[in-house]
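Novice: model the following, please.
(chains A and B)
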There are 2 protein chains.
Amino acid sequence: MDELKARILSEGKVLPGNIIKVGSFLNHKIDTDLMSRMADEFGKHFDLSKVSLILTIEASGIALASICSLKWGIPMVFAKKAKSDNIENGILHSEIYSYTYKKTVNVMVEAEHIKPTDNVLVMDDFLANGEAVRGLTDVVKGAGASLAGVAIAVEKGFQGGGDRLRAAGIDVYSLAIIDDASDGTIKFREN
Amino acid sequence: MDELKARILSEGKVLPGNIIKVGSFLNHKIDTDLMSRMADEFGKHFDLSKVSLILTIEASGIALASICSLKWGIPMVFAKKAKSDNIENGILHSEIYSYTYKKTVNVMVEAEHIKPTDNVLVMDDFLANGEAVRGLTDVVKGAGASLAGVAIAVEKGFQGGGDRLRAAGIDVYSLAIIDDASDGTIKFREN
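Specialist: Sure thing, here's the model as predicted:
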């Protein structure tokens, strides 16, 4: 998506450790008009008539998923993150490793919110190592629901998570894939 | 707001410790159509032509603030929560006590995202003791910006946070105020 790539180039900052900072429009201050156009882009790729639920994870995926939910008229659920000792009955969960926080956390959704008949579109603002998305797809599987695909705003292609999910047969669609930022310059994957 | 009150009565659960659970439409699974109508209700109370920024806090405030931002054409920022030892330069912050997690956390916003000329509408899905809102209004003050008011979906009136903020001269507008849930029955404050 050219508009998103242009915003990443003009406002994104590459920090040490290959961290791409886009807090001025994507995950701290939020440009909801841009997100509305991102929803349109996702709609060109996925068959939304067959999607019954959007599933994201707190915190920064919530903004994009909310906008898509409103525009598409499809309900959304956001998974919560918690320590492993908080798992209760009736909770769908999957353990993931958070590279940001350098610890294992649980992705949790109350079971009543995903039905076996649901066709779920997993969504997040960022995809790097793919741990969060793997946790969300685990939750979908645990609910006995089917996975429509994975919709991502910005994928850090050089961290391999997206390509691993694609190799496993999952339809991962990212609006911008950054394949290199090692010298401080952002290079996008060709469409 | 009658529709919101009806949903709280039909789907809300009162748990021990006066916890009101509304995860089926407000803060786990999200009914964004309802939120769109909540945005309309806020618009009847606040003069949105004078609001330049919506400020909320992660995680569950993000959905409502995103919907309001899109409908009103006003940008939004969500504050992050972090431990006190993570405060860097250029960060507006305020220490609050989280009754949910029983610990002190910092409410943080990067200074560049709130300008002294901004007129900020603080927003959250829940208001109980008012600590989160106090932290957000502190951040607005720290930025040298002005506060347009505080927009809340569900206020737990019996915990007093909203009335303390009103007594301090702040325009706190809540779409539903629960004044009692002690015997498991939810009673709303009269308009």
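
Novice: can you show me the strands along chain A?
Specialist: If DSSP state E is used as the criterion, the strands of chain A fall at A:13-15, A:19-21, A:29-30, A:53-57, A:76-82, A:91-98, A:103-110, A:119-127, A:146-156, A:172-180, A:187-188.

Novice: in JSON lines, list those strands along with mean neighbour count and mean pLDDT.
Specialist: Yep, even glycine has a C-beta here, placed from its N, CA and C like the rest. Output for the strands of chain A, formatted as JSON lines (neighbours: other CB atoms under 10 Å in any protein chain shown; pLDDT from 0 to 100):
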{"stretch": "strand A:13-15", "mean neighbour count": "13", "mean pLDDT": "91"}
{"stretch": "strand A:19-21", "mean neighbour count": "15", "mean pLDDT": "91"}
{"stretch": "strand A:29-30", "mean neighbour count": "26", "mean pLDDT": "97"}
{"stretch": "strand A:53-57", "mean neighbour count": "27", "mean pLDDT": "98"}
{"stretch": "strand A:76-82", "mean neighbour count": "22", "mean pLDDT": "94"}
{"stretch": "strand A:91-98", "mean neighbour count": "18", "mean pLDDT": "93"}
{"stretch": "strand A:103-110", "mean neighbour count": "19", "mean pLDDT": "94"}
{"stretch": "strand A:119-127", "mean neighbour count": "24", "mean pLDDT": "98"}
{"stretch": "strand A:146-156", "mean neighbour count": "23", "mean pLDDT": "98"}
{"stretch": "strand A:172-180", "mean neighbour count": "20", "mean pLDDT": "97"}
{"stretch": "strand A:187-188", "mean neighbour count": "16", "mean pLDDT": "97"}
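
Novice: among those, which is nearest B:I74?
Specialist: When the strands of chain A are ranked by proximity to B:I74, the top entry is strand A:29-30, at 10.7 Å, counting by CB to CB.

Novice: give the partner strands of the closest one in its sheet and their orientations.
Specialist: In the sheet containing strand A:29-30, the strands it pairs with under DSSP bridges are strand B:76-82 (antiparallel).

Novice: restricting to C-alpha, output the strand it pairs with in PDB.
Specialist: Provided in PDB are the C-alpha atoms of strand B:76-82 (Å, rounded to 0.1, in the frame of the first residue of the first chain):
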ATOM      1  CA  MET B  76      -6.200  10.200  18.900                       C
ATOM      2  CA  VAL B  77      -3.300   9.200  21.100                       C
ATOM      3  CA  PHE B  78      -3.200   6.300  23.500                       C
ATOM      4  CA  ALA B  79      -1.000   6.500  26.600                       C
ATOM      5  CA  LYS B  80       1.100   3.500  27.500                       C
ATOM      6  CA  LYS B  81       1.500   1.900  30.900                       C
ATOM      7  CA  ALA B  82       5.000   1.100  32.100                       C
END
